[in-house]
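# model this:
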Amino acid sequence: MSSTLENARELGVDDEGILDAAKQQEKIDFKMVTFSLAGRQYAVNIMKVKEISKANRFTFVPNTLTFVEGVYNLRGEIITIIDLRRMFNLPPVPRANDRLENIIILNIRENVIGVIVDAIENVVGVSSRTIQPRHPLFTDIQMKYISGVVETGGKLYVILDVDRIFGEEEEAAAGALAVGQDPREPGVGTGTKPSASAEGSVRAQRTPEPAAKKAGGAKADDALDFQFVSETLAAFDSFHVDALNEAWVKSRLVDWKKMRNKKGQAVQLKDRQEALDFLDPFFSPHTGELWGAEYKKEFEKALWKGEMLSIKAWNPGTDKGYEAFSICAILKQRYPKARIKVWACDTNLLAISAAPLMVLDRDVVPEYFIKAGYVKGGAKGYQFTPEMRDCVLFEYHDILHGTTLPELDLIVARDVLSFCTSVQKDKLVADFTGMLKPGGILMVGTNERIAFPGLALTHEGNVVAYQKEKD
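Below you'll find the model as predicted:
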């Protein structure tokens, strides 16, 4: 800030104007995910980052370019994995076969790709005014791949133009595959004049103009903070902010700011741990454990009045199975004459496989499980009875791929939708609605709200329930 003050004074600006100018210059309006590669610091616009991940054992594809590590199944989506060191002709490093690689998953136009880097650092916010044009000093990679450089926190970051790197390389690769030429070599889709779309991308990264900046004042700052936090949650933990959970995120951001200000810390989320800390209060009660007595009572109030003779329920995202067994126990007690079947699925293969035979300590089993005889004690702890295990069918499944189930009376999908993109959410809610019988109930997370034709909100609180309209 000192240089800003000195320059302003030389121009005859008073102290108040100097401070305003300094604040304006230092206003954070550009956020980037930073990483290291061959001893140098790099960054990419967070708007291009879908998420970060660790993986190995990529599927090798023959006759591909040297920098293509292979393909990888990312929750059902097959994506290309690129080794950024090899792509930039940097010295390779020895790798153990079982080592997990640091991967940044990028959205490039309509495609998703993963790039392997040495280490992923954190999310850094800077003022777009401080971003300098690319400089010939950085000759370890081609100049056209750089959109700018910026110094912050004592480090100099090279900001990569991923649209140009992977947009042009993608087109070049297609031609290169046909003639057996490496697209990094001259003459293969590497004209000296950048395309209009690439130039626009560079300009956007140097001087982004978020809509919030136009509002001015504290509201503009709040809007920028909300935008940055939303982007970071998606990048670090695949938590996507939209109408489903926006109210909670805004409320949480107010508390988060107060807490961070007291500690003298920045509002922005710098790494995955901070994203997890931000989201900690989001999850519904008794996540990762059997449901307690108070939550059981509220869950019962959200169910149907009168008796039921048959109940078919589905519990996507059951994780280790606590949720599915809790649903089963409550339904059996509330409707003792009903035949009950609960289908439970998750993408955590290890957890879903161990769920039927889990062993529980006495102090984590609610009293109503014990009194109803749903668990039995043993030398190592409590286990669910065969009667309970027969009621729940566990399977490894990703709900984004669709499912085949009979017409359902109840779907319990707590906190599942928030970890899907807006497009995926819309499709899933439509699928849920189509799978329910008229009068069927859909339960979502405590801090999630949906609006969909044919679904009416019937219970709100720790338990949030929607009922499908009857014909």
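
# residues contacting the closest residue to L100 other than its chain neighbours?
Closest residue to L100 apart from its sequence neighbours, by C-beta to C-beta, 6 or more residues apart in numbering: K54 at 4.1 Å. (Each C-beta comes from the backbone N, C-alpha and C, glycine too.) Contacts for K54 were tallied using C-beta atoms under 8 Å, 6 or more residues apart in numbering; they are 100-103.

# mind checking pLDDT for I441?
Model confidence at I441, given as pLDDT, is 98.

# scratch that, R86
According to the predicted model, the pLDDT of R86 comes to 88.

# and for the one 4 residues further on?
In this model, L90 is scored at 85, pLDDT.

# next, count neighbours for it.
Applying other C-beta atoms under 10 Å, we find 17 other residues in the vicinity of L90.

# any idea which element it lies in?
For L90, there is no enclosing helix or strand under DSSP states H and E.

# list the residues that contact the closest residue to it other than its chain neighbours.
Of all residues not flanking L90 in the chain, A38 sits nearest, at 4.4 Å (C-beta to C-beta, 6+ apart). A38 makes contacts with 85, 90-91, 118, 140, as judged by C-beta under 8 Å, 6+ apart.

# A119 versus A38, what's the distance?
Counting by C-beta to C-beta, to the nearest Å, the gap between A38 and A119 amounts to 11 Å.

# what of E307?
For E307 relative to A119 (C-beta to C-beta), the value is 60 Å.

# tell me, please, the helix or strand in the chain that averages the lowest pLDDT.
helix 196-206 (a mean of 32; mean pLDDT, DSSP states H and E).

# for K376, give me phi and psi.
K376 has phi and psi values of phi -130, psi 140 when expressed as degrees, to the nearest 10.

# hmm, back to that, may I ask which of the contacts of K54 has the most neighbours?
Highest count within the contacts of K54 by other C-beta under 10 Å belongs to I103, 25 neighbours.

# beta partners for the residue nearest to L100?
Judged by DSSP bridges, the bridge partners of K54 are N102.

# look up the residues forming beta bridges with H459.
The partner residues for H459, given DSSP bridges, come to A465.

# for it, give me its contacts.
298, 301-302, 465.

# with A293 instead?
366-368.

# now G434
Per C-beta under 8 Å, 6+ apart, neighbours of G434: none.

# distance of it from P316?
Distance of G434 to P316, given as C-beta to C-beta: 14 Å.

# alpha carbons of the helix or strand containing V149, as CSV, please.
Per DSSP H and E, V149 falls inside strand 146-152. C-alpha atoms of strand 146-152 as CSV (Å, rounded to 0.1, in the frame of the first residue of the first chain):
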residue,chain,number,x,y,z
ILE,A,146,0.3,-17.3,-19.8
SER,A,147,-2.4,-14.7,-19.2
GLY,A,148,-0.5,-12.7,-16.6
VAL,A,149,1.6,-12.7,-13.5
VAL,A,150,0.9,-11.4,-10.0
GLU,A,151,2.9,-11.1,-6.8
THR,A,152,1.1,-11.7,-3.4
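
# quick check, distance from it to the centre of its chain.
Mean-position distance between strand 146-152 and its chain equals 26 Å (C-alpha atoms, centre = their mean, to the nearest Å).

# okay, now the sheet partners of the helix or strand just after that strand, with direction.
Sequence order places strand 155-160 as the next helix or strand after strand 146-152, per DSSP H and E. Using DSSP bridges, the strands paired with strand 155-160 are strand 40-45 (parallel), strand 146-152 (antiparallel).

# will you turn these into JSON lines that also has distance to R339, mean pLDDT and mean neighbour count?
Listed next are those as JSON lines, based on distance: least, C-beta to C-beta, whole Å; pLDDT from 0 to 100; neighbours: other C-beta atoms under 10 Å:
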{"stretch": "strand 40-45", "distance to R339": "54", "mean pLDDT": "93", "mean neighbour count": "22"}
{"stretch": "strand 146-152", "distance to R339": "62", "mean pLDDT": "90", "mean neighbour count": "20"}
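
# of all these, which lies closest to S422?
strand 40-45 (19.9 Å; C-beta to C-beta).

# please enumerate residues in contact with that closest one?
Counting by C-beta under 8 Å, 6+ apart, residues outside strand 40-45 touching it are 30-36, 104, 106, 117, 121, 124, 140, 150, 155-160, 162, 205.

# of these, keep whichever come out buried.
Taking 16 or more other C-beta atoms under 10 Å as the criterion, what is buried in the contacts of strand 40-45 is 30-35, 104, 106, 117, 121, 124, 150, 157-160, 162, 205.

# and the helices in the stretch 101-250 of the chain?
Along the stretch 101-250 of the chain, counting by DSSP state H, counting those that start in this stretch, helices occupy 162-179, 196-206, 211-215, 217-237, 246-262.

# where among those helices is the average confidence lowest?
helix 196-206 - the lowest mean pLDDT of the helices of the stretch 101-250 of the chain, at a mean of 32.

# pretty sure L90 contacts G39?
No - counting by C-beta atoms under 8 Å, L90 does not reach G39; the two are 9.4 Å apart.

# where does the stretch 1-150 of the chain dip in pLDDT?
1-26, 135-141 (pLDDT under 70).

# how about N56, what does it touch?
Taking C-beta under 8 Å, 6+ apart as the test, what N56 contacts is 97-101.

# got the domain ranges for this protein?
28-206, 211-282, 293-468 (automatic domain parsing).

# quick check: the farthest pair among the contacts of A38?
Among the contacts of A38, D118 and D140 lie farthest apart (C-beta to C-beta), at 13.5 Å.

# Provide the secondary structure category for the residue nearest to I113 when sequence neighbours are not counted.
In this structure, I113 finds its nearest non-sequential neighbour in T80, 5.0 Å apart by C-beta to C-beta, 6+ apart. Taken by DSSP: H, G, I helix; E, B strand; the rest coil, the conformation at T80 corresponds to strand.

# if we can go back for a sec, rebuild the contacts of K54 as a markdown table, extending it with distance to E407.
Below are the contacts of K54 laid out as a markdown table (distance: C-beta to C-beta, whole Å):
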| residue | distance to E407 |
| --- | --- |
| L100 | 42 |
| E101 | 44 |
| N102 | 45 |
| I103 | 40 |
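
# which one of these is nearest to L290?
Taking C-beta to C-beta as the measure, L290 sits nearest to L100 out of the contacts of K54, at 32.4 Å.

# test my guess that the closest one contacts A55.
Yes - applying C-beta under 8 Å, one finds L100 in contact with A55, separated by 6.4 Å.

# residues touching the spatially most central residue of the chain, list them.
With distances taken as C-alpha atoms, centre = their mean, S238 lies nearest the centre of the chain, 0.5 Å away. Shown in contact with S238 (C-beta under 8 Å, 6+ apart): 51, 419.

# just confirm E323 is within a helix.
Yes - E323 forms part of a helix when assessed by three-state DSSP.

# quick check: it touching V416?
No - counting by C-beta under 8 Å, V416 is not a contact partner of E323; they are 10.5 Å apart.
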